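[1] Generate coordinates for the sequence data below:
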Amino acid sequence: MQIGEVIQKYRKMKNITQSEMANRLGVTAPAVNKWENGNSMPDITLLAPIARLLGVTLDTLLSFQEELTGEEINDIVYEVDLKFKEQTYEEVFLWAKEKIAQYPNCDNLIWQLAVILDAQRMVQEIPDMERYDEYICSCYMQALNSADENIRHSAADSLFGFYMRKENYEKAEMYLAYFSKQNPERKRKLAELYSKTNRINEAYQTYEELLFSYYGMTNMAFYGLHMLALKENDREKVRILTQKRTELSRLFDMGEYYEYGGRLEIAALEKDVEATIAAMQGILSSVESINSFQKSPLYEHMTFKELNDDFVAEIKSNLRKSFQDEETYGFLENDKRWWSLTKS
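    Residues are numbered from 1 along each chain as shown. Here you go, the predicted model:
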């Protein structure tokens, strides 16, 4: 990390604008901008004032240490683990602190060492463990400002857990903002927070929404595998995957409509005339109950839209059209029941 990047990083951590920094140093805002963009270097006489303003040492300000490699970080983590087996917590804490000072710009190392220090003080039941809070939390906060999105998410996760343990739920909830709303882990953490704060209905609803979305994601993953197996003409794998999708529907209380879909795929694959006709009849007759999962106790705190008759009729029409696919159902061409099932 170059000096301009160091200045920008710690300036932002201090919530100081470029203009404010310029005013306090007696330079212009464009000069600060040029430092941070690597277009120029601050005058040597400004280095000490800059370090004081940013609350860092000159070593940190002038550290041109590039990021450690993953292997180097793993070696340090391995070393700290060994030290915990041979030394006191305080000794290892001071060693880790020195290591962080040696590599002040390696956010990944800082986060990993903070996690280890945080966990070990609980595992070892260190007396007055709260006295380490400030330093460990500051490490998490530095990682939270990392340019690496994965490190930011990891730091947010650590801070969420940190404040949940402190029962500071309002502060914990702040760090959920670092997770995408589409991230299932965010929803799980939110449900946990609701539960801890006695918002029971919200906790139920959030867990149920998570469960419902897991069904959709898992089902689509099985379907993707199913299509790959079809492409490779691996019939045995197709049969297994289709059966798994049927079992999945049953596990998540999705109702007969979804179970018949799996039965139909297997029957058509095996060209079993009677089983295929029965599955077609079953899936058509179960369209009216396509939303039967809404009555399951698994989703009793969720709100769903009611189906209207036009939507049900459209599903039946689309099903009948799909039954006309000769490539899939051509083996039924001499069965009058098939022809009647394809008619609207």
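[2] Determine the set of other helices and strands touching the helix or strand harbouring Tyr163.
    Assigning secondary structure by DSSP states H and E places Tyr163 in helix 149-165. Helices and strands touching helix 149-165, as assessed by 3 or more CB pairs under 8 Å, 6 or more residues apart in numbering; DSSP states H and E, comprise helix 107-123, helix 133-144, helix 169-174, helix 184-196. Backbone N, C-alpha and C define where each C-beta goes, glycine included.
[3] one more time with 7 Å
    helix 107-123, helix 133-144, helix 169-174 (3 or more CB pairs under 7 Å, 6 or more residues apart in numbering; DSSP states H and E).
[4] Looking at those helices, which is nearest to Arg186?
    When the helices and strands packed on helix 149-165 are compared by CB to CB, helix 169-174 sits nearest Arg186, at 10.7 Å.
[5] Just the residues contacting that closest one, thanks.
    The contact list for helix 169-174 (CB atoms under 7 Å, 6 or more residues apart in numbering) reads 160, 163-164, 193, 196-197.
[6] residues contacting Thr57?
    Each residue near Thr57 by CB under 7 Å, 6+ apart is listed here: Ala51.
[7] Rebuild the helices and strands packed on helix 149-165 as TSV, extending it with distance to Gly261 and mean pLDDT.
    Shown next, in TSV, are the helices and strands packed on helix 149-165 (distance: least, CB to CB, whole Å; pLDDT from 0 to 100):
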stretch	distance to Gly261	mean pLDDT
helix 107-123	45	95
helix 133-144	45	95
helix 169-174	40	95
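[8] Now do the buried residues in the helix holding Tyr163.
    Within helix 149-165, the residues scored as buried using 16 or more other CB atoms under 10 Å are 151-164.
[9] if we can go back for a sec, return the most buried member of the helices and strands packed on helix 149-165.
    Mean neighbour count (mean count of other CB atoms under 10 Å) peaks for helix 107-123 among the helices and strands packed on helix 149-165, with a mean of 20.
[10] Just the C-alpha atoms of that one, please, in PDB.
    Output of helix 107-123 as PDB, limited to C-alpha atoms (Å, rounded to 0.1, in the frame of the first residue of the first chain):
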ATOM      1  CA  ASP A 107      -6.600  -6.300   6.600                       C
ATOM      2  CA  ASN A 108      -6.900 -10.000   6.100                       C
ATOM      3  CA  LEU A 109      -4.200 -10.800   8.700                       C
ATOM      4  CA  ILE A 110      -5.700  -8.200  11.100                       C
ATOM      5  CA  TRP A 111      -9.200  -9.700  10.900                       C
ATOM      6  CA  GLN A 112      -8.000 -13.300  11.300                       C
ATOM      7  CA  LEU A 113      -5.800 -12.500  14.300                       C
ATOM      8  CA  ALA A 114      -8.600 -10.500  15.900                       C
ATOM      9  CA  VAL A 115     -11.000 -13.500  15.400                       C
ATOM     10  CA  ILE A 116      -8.500 -15.900  17.100                       C
ATOM     11  CA  LEU A 117      -7.900 -13.500  20.000                       C
ATOM     12  CA  ASP A 118     -11.600 -13.000  20.400                       C
ATOM     13  CA  ALA A 119     -12.400 -16.700  20.400                       C
ATOM     14  CA  GLN A 120      -9.500 -17.800  22.600                       C
ATOM     15  CA  ARG A 121     -10.300 -15.400  25.500                       C
ATOM     16  CA  MET A 122     -13.700 -17.000  25.700                       C
ATOM     17  CA  VAL A 123     -12.500 -20.600  25.300                       C
END
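[11] just the angle between it and helix 133-144, please?
    150 degrees (axes from the mean of the first three to the mean of the last three CA atoms, to 10 degrees).
[12] and the angle for helix 107-123 with helix 149-165?
    20 degrees.
[13] same for the longest helix along the chain, what does it pack against?
    Taking DSSP state H as the criterion, the chain has its longest helix at helix 200-231. Counting contacts by 3+ CB pairs under 7 Å, 6+ apart, helix 200-231 packs against helix 184-196, helix 235-251.
[14] Could you give me the buried positions within that helix?
    Within helix 200-231, the residues that count as buried by 16+ other CB under 10 Å are 202-210, 212, 215, 219, 222, 225-226, 229.
[15] Report the inter-axis angle for it versus helix 235-251.
    Computed with the same axes, to 10 degrees, the direction of helix 200-231 lies at 170 degrees from that of helix 235-251.
[16] by how many degrees do helix 200-231 and helix 184-196 diverge?
    160 degrees.
[17] So, low pLDDT: which residues of the stretch 1-150 of the chain?
    For the stretch 1-150 of the chain, applying pLDDT under 70 flags the ranges 1, 63-67.
[18] Helices of that one, start to end?
    Taking DSSP state H, counting those that start in this stretch as the test, the helices found in the stretch 1-150 of the chain are 3-13, 18-25, 29-36, 47-54, 58-61, 70-86, 89-102, 107-123, 133-144, 149-165.
[19] In JSON lines: those helices, plus distance to Ala172.
    JSON lines is the format used below for those (distance: least, CB to CB, whole Å):
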{"stretch": "helix 3-13", "distance to Ala172": "21"}
{"stretch": "helix 18-25", "distance to Ala172": "31"}
{"stretch": "helix 29-36", "distance to Ala172": "33"}
{"stretch": "helix 47-54", "distance to Ala172": "28"}
{"stretch": "helix 58-61", "distance to Ala172": "30"}
{"stretch": "helix 70-86", "distance to Ala172": "26"}
{"stretch": "helix 89-102", "distance to Ala172": "24"}
{"stretch": "helix 107-123", "distance to Ala172": "15"}
{"stretch": "helix 133-144", "distance to Ala172": "12"}
{"stretch": "helix 149-165", "distance to Ala172": "4"}
